[in-house]
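Enquirer: Could you work out the structure for the sequence below:
(2 chains)
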2 protein chains.
Amino acid sequence: MDARVIFNLGGWSAQRLERVEQALSDWVVADAPAGLGEAMRYAVLDGGKRLRPLLVLAASEAVDGNPRAALRAGCAVELIHAYSLVHDDMPCMDNDILRRGKPTVHVKFGQAQALLAGDALQALAFELLTPDGTDVPPAVQASLCRLLARAAGHAGMAGGQAIDLAAVGRALGESELREMHRRKTGALLQGSVMMGAACGSTDEAAQAALGRYGAAVGLAFQVVDDILDVTADSATLGKTAGKDAAQDKPTYVSLLGLERSRAFSRELLAQARQALAESGLADTLALQALAMMVVNRDN
Amino acid sequence: MDARVIFNLGGWSAQRLERVEQALSDWVVADAPAGLGEAMRYAVLDGGKRLRPLLVLAASEAVDGNPRAALRAGCAVELIHAYSLVHDDMPCMDNDILRRGKPTVHVKFGQAQALLAGDALQALAFELLTPDGTDVPPAVQASLCRLLARAAGHAGMAGGQAIDLAAVGRALGESELREMHRRKTGALLQGSVMMGAACGSTDEAAQAALGRYGAAVGLAFQVVDDILDVTADSATLGKTAGKDAAQDKPTYVSLLGLERSRAFSRELLAQARQALAESGLADTLALQALAMMVVNRDN
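Expert: Modelled structure (predicted):
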């Protein structure tokens, strides 16, 4: 019997999600002034699959990492993800009014507060990574900040969004589409894995293998997102379905068609599992299960 | 003869500004995709007094700090300042079209690109603080990230902007106004001084004294800003003059009147000098001269 089959992802995730939700609620301040804290909490709490924190925690556990560092890293990545959604939903970007089944932040709090809440969440991410005291060694703090800054910035998420912005209504080839997604969503997902790895110590081969795993999972996430944009309804997604097609955005489905997109997502899953097999790490069951969840999810 | 009188701030600054401008030009990437790099460079280069980097470098020199760390810290603070201006100028915030005598970033590149450029500049600030290699020890990297994140976030700049947003058209008392400015501009200016100090080693007394110096200079900066908004013209300021009064924003001038505001700025300068005298640091001439410049500037 295959060991992967008996791993209980639901049980594993539930325990970790409880810690993540509690930590986010503790750390995303309610006392920020003039309604800012309220907008920040609204943007972060009660929503989302928390895929990125789970990837951080799974990677950290695979390398026997410092759990306090990993919890901070997982929350920090989630804050970057949350801020990007707040800004992305604004009228000057995607102009979306529904997110995770709720009015978007700018609809609820106004555009100016949404802009500030996003900015403050990005700063808070780096604040979480650099606590006073000895919970997280300074060298780990520095590594985590380095990985997060690179994943979030021009070479990662923000750069991918700029490519996305310039691509509306324009035909992209597969390599351009891949480059856009590698930055836009892939960099932060891969960054989550690498930040988890930075909470422990790994040899270079394991680190490279985890990098390949993160890249495959990051791309698979986007391919499946493109598939769901076509096949799921808004209620299941918790956001507006069919948006990409309506805005004439290039997607994997528009490029490859539905069936080849599905085959591609399965191929990426195989690549992710292969990378884990090559990592030499003893326990990668949670990472394997998360990759399967990314490919097989329905929202 | 008073040693302070013969310190040549112009010569001191010119040398440091050359390094800062070169580093910013090297580090604010031109190759970020899809016009993002262009918008980021436009937001940062060829403009501004670079007061924050000069405070970082002066504080670092006063504590015999690591010059490579200080240069990175100075540029990182300037990126945070630049991003805040880009976002602050956007239509949903101050809706300003002129900055440093040039069209604002959203006027030139569009709102979506301005939003992304600001976001990417904040990430880049933390990237500059966390280089690979041994130029900056990991413990210094972590301290610098901690100080910058706190100064930029909800407890600092972003929080102050939220108070500012909520205060338009409303009467503030002096303590509220002071609290707003302590966060909005004071936190990043004080943070600059503390980041400079973190590039070297200081005893607690010196660190506390530099904190008092930074707080006084930070508040003085804002008081003088309020004075100049009333007394200077747009051409001298390089931005729209009389804006605060037109928007019915609370300012020190509206609260205290022009003469008492001027007296307050001189009192803050005296506090800043007093703090330096108490710091026990051997050479604080550049910090003294910068405080004088902040109070006596005409733009």
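Enquirer: Next, the spatially closest residue to residue A:202 that is not a sequence neighbour: phi, psi?
Expert: Leaving aside its sequence neighbours, residue A:202 sits nearest to residue A:63 (C-beta to C-beta, 6 or more residues apart in numbering or on different chains; 4.9 Å). In this view, the C-beta of every residue, glycine as well, is placed from N, C-alpha and C. Residue A:63 adopts backbone torsions of phi -110, psi 20, taken as degrees, to the nearest 10.
Enquirer: Identify the residues contacting residue A:63.
Expert: Going by C-beta atoms under 8 Å, 6 or more residues apart in numbering or on different chains, residue A:63 touches A:196-197, A:199-202, A:206, A:281.
Enquirer: From the residues you listed, pick the one nearest residue A:150.
Expert: residue A:197 (14.3 Å; C-beta to C-beta).
Enquirer: ok, now how distant is the closest one from chain B?
Expert: Remark: distance between residue A:197 and chain B (C-beta to the nearest C-beta, to the nearest Å) = 16 Å.
Enquirer: So that residue is in contact with residue A:61, correct?
Expert: No: using C-beta atoms under 8 Å, residue A:197 makes no contact with residue A:61, being 10.6 Å away.
Enquirer: Just name the shakiest helix or strand of chain A by mean pLDDT.
Expert: Lowest mean confidence among the helices and strands of chain A (mean pLDDT, DSSP states H and E): helix A:234-237, at a mean of 64.
Enquirer: which parts of the helix or strand encompassing residue A:107 are buried?
Expert: Using DSSP states H and E, residue A:107 maps to helix A:105-109. For helix A:105-109, the neighbour count (16 or more other C-beta atoms under 10 Å in any protein chain shown) marks A:105-107, A:109 as buried.
Enquirer: go on, stretch A:209-217?
Expert: Buried, per 16+ other C-beta under 10 Å, within stretch A:209-217: A:209-217.
Enquirer: ok, it near chain B or not?
Expert: No: Stretch A:209-217 does not reach chain B (C-beta under 8 Å from any C-beta of the partner chain); its nearest approach is 15.4 Å.
Enquirer: Ok, stretch A:38-58 next?
Expert: Yes: against chain B, stretch A:38-58 shows contacts by C-beta under 8 Å from any C-beta at residue A:40.
Enquirer: Start and end of that stretch, how far apart?
Expert: From its first residue to its last, stretch A:38-58 covers 30 Å (C-alpha to C-alpha, to the nearest Å).
Enquirer: all strands of chain A, in order?
Expert: A:98-99, A:102-103 (DSSP state E).
Enquirer: pLDDT averaged over the first one, what's the number?
Expert: Computed over strand A:98-99, the mean pLDDT rounds to 90.
Enquirer: Skipping adjacent residues, who's closest to residue A:41 in space?
Expert: residue A:28 (5.2 Å).
Enquirer: which residues are in contact with stretch A:105-117?
Expert: By C-beta under 8 Å, 6+ apart, stretch A:105-117 touches A:35-36, A:38-40, A:42-43, A:83, A:86-87, A:89-91, A:97, A:99, A:102, A:104, A:118, B:87, B:90, B:92-93, B:115, B:158, B:161-162, B:165.
Enquirer: Narrow the residues you listed to just the buried residues.
Expert: In the contacts of stretch A:105-117, the ones that pass as buried (16+ other C-beta under 10 Å) are A:35-36, A:39-40, A:42-43, A:83, A:86-87, A:89-91, A:99, A:104, A:118, B:87, B:90, B:92-93, B:115, B:158, B:161-162, B:165.
Enquirer: Among the strands of chain A, which comes closest to residue A:127?
Expert: Closest among the strands of chain A, using C-beta to C-beta: strand A:98-99, at 24.1 Å.
Enquirer: Who has more neighbours out of residue A:197 and residue A:61?
Expert: Between residue A:197 and residue A:61, residue A:197 has the larger neighbour count (other C-beta atoms under 10 Å in any protein chain shown), namely 28 against 22.
Enquirer: which residue ranges form the helices in the stretch 101-250 of chain A?
Expert: A:105-109, A:111-128, A:138-152, A:157-167, A:174-181, A:187-198, A:204-231, A:234-237, A:243-246 (DSSP state H, counting those that start in this stretch).
Enquirer: what stretches of chain A score poorly on pLDDT?
Expert: Along chain A, segments meeting pLDDT under 70 span A:1-5, A:234-247.
Enquirer: Residue A:158 contacts residue B:37, correct?
Expert: No: the pair residue A:158 / residue B:37 is not scored as a contact, 10.7 Å apart, by C-beta under 8 Å.
Enquirer: what touches both of those two?
Expert: Common neighbours of residue A:158 and residue B:37 (C-beta under 8 Å, 6+ apart) do not exist.
Enquirer: ok, so of the buried residues of stretch A:209-217, who is nearest chain B?
Expert: Nearest to chain B, judged by C-beta to the nearest C-beta, of those is residue A:211 at 15.4 Å.
Enquirer: how close does the closest one sit to residue A:190?
Expert: 7 Å (C-beta to C-beta, to the nearest Å).
Enquirer: again, but for residue A:88
Expert: From residue A:88 to residue A:190 the distance is 19 Å (C-beta to C-beta).
Enquirer: the more surrounded of these two?
Expert: Neighbour totals were compared for residue A:88 and residue A:190, and residue A:190 leads with 25 against 22 (other C-beta under 10 Å).
Enquirer: What is the neighbour count of the closest residue to residue A:285 other than its chain neighbours?
Expert: Nearest residue to residue A:285, sequence neighbours excluded (C-beta to C-beta, 6+ apart): residue A:7, at 4.3 Å. Burial measure for residue A:7: 16 neighbouring residues, criterion other C-beta under 10 Å.
Enquirer: count of residues packed around the closest residue to residue A:213 other than its chain neighbours?
Expert: Among residues not flanking residue A:213 along the chain, residue A:275 sits closest, at 4.0 Å (C-beta to C-beta, 6+ apart). Residue A:275 is flanked by 23 other residues according to other C-beta under 10 Å.
Enquirer: what's residue A:275 in contact with, if anything?
Expert: Contacts of residue A:275 by C-beta under 8 Å, 6+ apart are A:209-210, A:212-213, A:216.
Enquirer: can you do 10 Å?
Expert: Taking C-beta atoms under 10 Å, 6 or more residues apart in numbering or on different chains, we find residue A:275 in contact with A:193, A:208-217, A:284, A:287, A:291.
Enquirer: what do you get for residue A:256?
Expert: Applying C-beta under 10 Å, 6+ apart, the residues contacting residue A:256 are A:174, A:177, A:223, A:226, A:262-264.
Enquirer: quick revisit: number of nearby residues for the residue nearest to residue A:41?
Expert: So residue A:28, with other C-beta under 10 Å, has 24 neighbours.
Enquirer: got it, and residue A:41?
Expert: Counted with other C-beta under 10 Å, residue A:41 comes out at 17.
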